[in-house]
Structures are given as C-alpha cells and as structure tokens.
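K.L.:
need the 3D shape of this:
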Amino acid sequence: MKFNPDADLDTSGVEDTRGSGGGGGGLLPGGMGIPVGGGIGGLILLVVVLLLNGGIPGVGGGGSEEPTVRNTAAGNLDTCKKGTDLEKNEDCRFVFYQNSIEGFWAAELPRRGKKYVKAPMRVFGGQVNTGCGAASSAVGPFYCPPDKRVYLDLGFFQTLQTELGAKGGNFAEAYVVAHEYGHHIQNLYGYLDRIKSRTGPTSDSVRSELQADCLAGIWTNHATTAKDAQGDTFIEGLTDDDIDRGLDAAAAVGDDRIQQQTQGRVTPENFSHGTAEQRQRWFRVGMDSGDMSACDTWGAQSL
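P.N.:
Alright, predicted model coming up:
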C-alpha cells in the first residue's frame, strides 16, 4: 500500500487504550449484546484458534520466508496527525486504514440515502470493557453493536501470520479492519438483527460474515478515493501484491482451513464464517463490483 505523506490524519475516531488497564475478564459476563466477528456463539471473527491453548503447532508464516511481524507498540496513535508521522510511528498505518475506510462509508451511505453513524475504532491490549461486556485479546478483532465500536488488539496480526499461516502485510491488516467496519454497515442497515442461526454452511452467521467480506471488498475498490478534509487521499495506490495478501488473509481464516488445522477434519455443520474459497470469492465480488447491491449474501441461493 502506498500511503500519502501529505494526508491529514484524524484521530478523533481512533481510541488508543493500550496501557490504560481496560479492566474486565471473559467475554460478555452480563453483557448487553453480541459482539459480531468476535468470540461467542459461533460468531468468532477471524480466529477460533485463538481460543485454543497454545495455538496451532507447526503452522508457519507461509513458504520459506519469515513472516513479517512488526512492532505493535511503536507509539500512541494520538500522535498520528500527518501522513509523515508514519515514519516515526509505524502504528499510524492503522489510523490511515480507519480514516480511509470510515471516510469512504461516510460518503457512500448518504449518497444512497442512508445516514452514516460514526463507529470509533478502539485499540487495546490484553483486555477491554465494551458495550457487549468485558473481552480479552483471545477474542480477536470484533465489532460491538450496542456501542457501535470496532475493537482491535494489534497483537492479533502477529497471530494471523505465525499461527494461522497468513502472509501478513499492510493490506492483510486493512482487510481485517475493513471487515469489521463491514459489520458496522450491516448494523446500520439492520442486517445483524437477522442473525438467528449461528452454525452451519448456510447459517445466518456465515451469510453475515461473507457479506462483511464483500463490504470489505467494496471499500477496496474505492480505497484510493477516500480523502481528508483538504481533499488529499489517504491511500495513493494498491498493488497486485496487496490484493493477494488480502485474499490470502481471507483464506487463512476460512472455517474449513481452521478446522483442518485444529482438528484434522472439516465439519461443515460447525461453520460460522464460511470456507476459505467463499471468503475470497465474496471479497472479490465486492472488490470487482464496488457496489453494495452485489453483496446480497442473504438472498443468494448458493454461497
């Protein structure tokens, strides 16, 4: 990804709570809602395996190259004000992602006659209190509908590479963030209220997660068009390698691949997110079309 050094970054939608404690223990004790894309009832966003003890033995970072695991405690995101701040604090890339993704949807929904409601991205470490209850890093990235926030522990991206075998890279990270904001768009349209069945190859959960992948693809199609208040784009360009890394991340978190790695067999009746092939395909549907109408996973007879 080519980030624009001239971009003005807006940290008002990014809450960096790392090092502040956060409080809480397990997910949803007495919570008020279900986190989508996070870990309960089959709605585990990206990593069922994170709930296992010790991860996946023997799964590396893809091929013979070492996984690109970077420092995820480079500095507080509140300091990310200009594109050039990325040189001093590499975590500023997450502000780029958030600004581009939310900037696109904030413009796209009104164009379609729908009011956009902001969704802050809260970056935490270890554990955090949410509108859905207390959660730990083991849940993976998730979206909480009651408080309309995306929750992200940056350490997840190391797990994505070293334990799930994804190639990683900037766009793999951006895909994850865009997927979570896809859940926010679903929430604004009422799609999350449709989730009744939580497991199975054609369950509501699978349809919801594949739609979020498709919505992430839509942002990808328009990623280089989102602009700051001065009219400068946040992201100047995406390469074929970027797209490949996003698709690779989508495949790495497919139900079938995770099940094969963790239990040695695939059990479709326990699917909650869709197969590697499905996740890649619906991401491509959104990316190739750039149109929300293409993301009707709820009406699709074949997923």
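K.L.:
could you pull out the strands for this structure?
P.N.:
Taking DSSP state E as the criterion, the chain contains strands spanning 2-3, 14-16, 121-123, 127-130, 133-136, 142-144, 149-152, 235-237.
K.L.:
for residue 207, what are its contacts?
P.N.:
Shown in contact with residue 207 (C-beta atoms under 8 Å, 6 or more residues apart in numbering): 297-298, 300, 303. (Each C-beta comes from the backbone N, C-alpha and C, glycine too.)
K.L.:
repeat that for 10 Å
P.N.:
Counting by C-beta atoms under 10 Å, 6 or more residues apart in numbering, residue 207 touches 191, 194-195, 197, 274, 282, 296-300, 303.
K.L.:
and the gap between it and residue 292?
P.N.:
In this view, residue 207 and residue 292 are 15 Å apart by C-beta to C-beta, to the nearest Å.
K.L.:
picking up where we left off before, now, of the strands of the chain, which is deepest in the fold?
P.N.:
Across those, averaging neighbours per residue (mean count of other C-beta atoms under 10 Å) puts strand 142-144 on top, at a mean of 29.
K.L.:
just give me how far it sits from the chain centre.
P.N.:
Centroid displacement of strand 142-144 relative to its chain, using C-alpha atoms, centre = their mean, to the nearest Å, is 9 Å.
K.L.:
mean confidence score for that strand?
P.N.:
Strand 142-144 comes out with an average pLDDT of 96.
K.L.:
thinking again about what came up before, what's the closest of the contacts of residue 207 to residue 225?
P.N.:
residue 282 (21.5 Å; C-beta to C-beta).
K.L.:
and the closest one, how many neighbours?
P.N.:
Counted by other C-beta atoms under 10 Å, the residues lying close to residue 282 total 27.
K.L.:
which residues are in contact with the spatially closest residue to residue 200 that is not a sequence neighbour?
P.N.:
Sequence neighbours aside, residue 269 is the residue nearest to residue 200 in space, at 5.8 Å (criterion: C-beta to C-beta, 6 or more residues apart in numbering). The contact partners of residue 269, taken as C-beta under 10 Å, 6+ apart, are 199-201, 203.
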